[in-house]
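Asks: got a predicted structure here, sequence first:
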Amino acid sequence: MVHVLKEDGMTMEEMPRYVGAKTTLRLINRKYTNQMLQDGVRQEDLAKDEFVAFWNFYSVPYMLYLQERYPKVPMYLLSTDLINWQLAVFSQLRADFYRLGLGPFECYRFLSSGVHGVFMSFLLCGSVDIYGFSTSMDNFKAGFNHGRPSESHSWGFETMLMRLLYFVGATDICNT
């Protein structure tokens, strides 16, 4: 996520160090939490990021341990209010898609980290540019880069949602 800060009372000379600042945020899911717990993630892999945020409450019992294990990495847990809002929006969008005659979509247990990130970006940013998201299930099947796709997500719906967000001008999507 990239954001620009403007502080009232700041002189023009002081502003450049805040303008165009890039903030890197890594959203951590249950699978990645397990990798962090099992020595599958090096400290250097996370040190590049300014901070990490956990959205899956499976991570809660391990937060203190993970903070001790990765002391250079600021860690946060997304609030239940934010996650409940995201779930409500996601569920309403699915219902609206059904009413439009789209679907059926596979059932889901969780939103993907990508959807959590996109929804959070809409709350935090004036414009949202998305890189590396697929808008095609064909591309998804041809080469998924995280091992096997999780069956906990509704990938068909999420790819259609990314298309809709692009078509209505809510996002810019850059795919290779």
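Replies: Okay, I see it. On a predicted model such as this, the values are computed, not experimentally measured, just so you know. Numbering: from 1, shown residues only.
Asks: every contact and neighbour count from this point should use C-alpha atoms.
Replies: OK.
Asks: care to break this structure down by domain?
Replies: The chain breaks down by automatic domain parsing into domains covering 1-78, 79-176.
Asks: show me what the helix or strand hosting residue 86 is packed against.
Replies: Residue 86 is located in helix 80-99, with elements delineated by DSSP states H and E. Judged by 3 or more Cα pairs under 8 Å, 6 or more residues apart in numbering; DSSP states H and E, helix 80-99 is in contact with helix 113-124.
Asks: tell me which residues in the host helix or strand of residue 76 are buried?
Replies: In this assignment (DSSP H and E), residue 76 forms part of strand 75-77. For strand 75-77, burial by neighbour count (16 or more other Cα atoms under 10 Å) applies to 75, 77.
Asks: show the model's pLDDT score for residue 7.
Replies: Note on residue 7: pLDDT of 38.
Asks: mean confidence score for the strand holding residue 76?
Replies: Here the average pLDDT along strand 75-77 is 89.
Asks: strands along the chain, start to end?
Replies: Counting by DSSP state E, one finds strands in the chain at the ranges 25-28, 51-54, 75-77, 128-131, 171-174.
Asks: turn the ones you listed into a markdown table, including distance to residue 98.
Replies: Listed next are the strands of the chain as a markdown table, based on distance: least, Cα to Cα, whole Å:
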| stretch | distance to residue 98 |
| --- | --- |
| strand 25-28 | 29 |
| strand 51-54 | 30 |
| strand 75-77 | 32 |
| strand 128-131 | 25 |
| strand 171-174 | 22 |
